[in-house]
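>>> Build the 3D model from these lines:
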Amino acid sequence: MFNLQGLLVDRVECLEAKDVVLLHCRSPRRSGRCPVCAASTNKIHQYSYRTIRHDRLNEKQIVLRLRVRRFKCRKCKKVFREPIEGVDRKKASVNFRKEALSWLQRNSFTYIGQRFKLSGSTLNRYVLAVSDCWLIDWSKINVTVLGIDEHSFGGNNLVITITDISHHKLLAILKTDRQRALIEFLNSIPKKAKDNIKEVAIDLKQGYKTVIKQCLPQADIVADRYHVETLANRMVDDIRAVVQSEETGRRGQLKKILTTNYYLLNDHEKKKLELVWKKYERYPVLKQTWLIKEKIIQFYRLGNYETAKENFKYITMLFQTLDHSRYAATTGRTWRAWQEQILNYFKNKTTLPIRE
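Take a look at the predicted model:
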């Protein structure tokens, strides 16, 4: 029941307030073997207790209260800790880490973090510790849509996640976000499996686009919808920050109301938005970029490729008629440079899974 082969359970304690089942356990062996001289000894030097997360059962976390002995070798006087299978120096057993990783292949980092009570950085360490051992049997899976994205945990340590979007499954996490790591992974895919990949969804990183064109030339590259919309919101917020820094007096909290989709605003917030336009009418670029942002949001609600293609031209024209702004100009260049990949979204509405 508890995956505790090789351990004796002395007592089971249910802590209802914490949703924890506490197992008081120990090793059944009476002696230990010295790692220096290989002599067997039953002389106990010290007892200690460790609390180790081990598993989940019916929404409760299984925690081991493990009694660990330190032996003293009678021959060479070496003091050593008894080895226990499935338990190392980490605060979670091997079984717990394997269980978390098996769930991660089908769910997001946030969901697994909540279910197993793990931080994103801890879960990332689990993944990177075994990433070299995650051998993918490409003959048993039929990947037609691949997702490539980068994530950071704790604000640093950027890594690349590879997802089988066609089956909603995490395939691998590369240890760095360097192009070389991605090239090595894609080149490791057998030719038959490569030929089956018809689409690759990525964020707006030029390096990924270059690598995919080189390694998967037959696949359509799709710019992820979330990253395009985020780029538009960032453009509006950057201009909002500059405009507010130029004004004196009370500035107000405008970021949320400007970056929230207009159709999600209530009547009070819409009236507040009208007051914002009046207050900052000396800065027409703020409203102009907000309108472009809204057009991009509406753009992704269109039904087919041809309609989207016409609307893409219209939004491109809006960028070209903007008042001078380096933030808007940068976004406009990105919009034009990723035209093919943005429009590819409307072929199958493919998006990257959110794994934050």
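>>> mind listing what's buried in the lowest-mean-pLDDT helix or strand in the chain?
In the chain, no helix or strand scores lower on mean pLDDT, DSSP states H and E than helix 120-130, which sits at a mean of 74. Within helix 120-130, the residues scored as buried using 16 or more other Cβ atoms under 10 Å are 120, 122-124, 126-127. Where you see a C-beta, it was placed from the backbone N, CA and C, and this is true even at glycine.
>>> Equivalent analysis for stretch 152-171, please.
Residues 153, 159-166, 170-171 are the ones in stretch 152-171 that count as buried (16+ other Cβ under 10 Å).
>>> Stretch 5-20 too?
The neighbour-count check on stretch 5-20 (16+ other Cβ under 10 Å) flags residue 7 as buried.
>>> Name the surrounding residues that touch that stretch.
2, 21-28, 59-63, 66, 84-86 (Cβ atoms under 8 Å, 6 or more residues apart in numbering).
>>> Let me see the ranges of the helices in the stretch 201-350 of the chain.
206-215, 225-246, 255-259, 267-279, 284-299, 305-320, 326-337, 339-343, 345-348 (DSSP state H, counting those that start in this stretch).
>>> Now the fifth one: average pLDDT?
Per-residue pLDDT values across helix 284-299 average out to 94.
>>> One more: the shortest one?
Regarding helix 345-348, the rounded mean pLDDT is 94.
>>> hang on, the earlier thing: just the buried subset of the contacts of stretch 5-20, please.
Buried residues within these, counting neighbours by 16+ other Cβ under 10 Å: 2, 21-23, 25-27, 61-63, 66, 84, 86.
>>> Mind giving me the packing neighbours of the least confident helix or strand of the chain?
helix 94-104, helix 109-116, strand 145-153, strand 156-164, strand 169-174 (3 or more Cβ pairs under 8 Å, 6 or more residues apart in numbering; DSSP states H and E).
>>> coming back round to it: just the buried ones among the contacts of stretch 5-20 now: which is nearest residue 253?
Closest to residue 253 out of these is residue 61 (39.3 Å), distances taken as Cβ to Cβ.
>>> Please dump the buried residues of helix 120-130 into TSV; it should also carry distance to residue 224 for every row.
Below are the buried residues of helix 120-130 laid out as TSV (distance: Cβ to Cβ, whole Å):
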residue	distance to residue 224
120	20
122	26
123	22
124	21
126	26
127	21
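>>> burial count for residue 101?
Number of residues near residue 101 (other Cβ atoms under 10 Å) recorded here: 18.
>>> Could you do residue 284 as well?
A total of 12 residues lie near residue 284 under the criterion other Cβ under 10 Å.
>>> what sits against the residue nearest to it when sequence neighbours are not counted?
Nearest residue to residue 284 in three dimensions, chain neighbours excluded: residue 323, at 6.1 Å (Cβ to Cβ, 6 or more residues apart in numbering). Each residue near residue 323 by Cβ under 8 Å, 6+ apart is listed here: 284-285, 288.
>>> what about residue 323, distance to residue 39?
83 Å (Cβ to Cβ, to the nearest Å).
>>> domain assignment for the protein?
8-88, 135-223, 225-348 (automatic domain parsing).
>>> In TSV, list the ones you listed along with distance to residue 94.
As requested, the domains of the chain are exported to TSV (distance: least, Cβ to Cβ, whole Å):
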stretch	distance to residue 94
domain 8-88	5
domain 135-223	18
domain 225-348	35
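>>> nearest to residue 100, of the ones you listed?
Ranking the domains of the chain by proximity to residue 100 (Cβ to Cβ) places domain 8-88 first, at 9.2 Å.
>>> what about that closest one, how long is it end to end?
Across domain 8-88, the terminal residues are separated by 17 Å (Cα to Cα, to the nearest Å).
>>> start at 23 instead
Let's use 23 as the start, then, which means that last one is domain 30-110.
>>> From the chain's centroid, how far away is it?
Between the centre of domain 30-110 and the centre of its host chain there is 34 Å, according to Cα atoms, centre = their mean, to the nearest Å.
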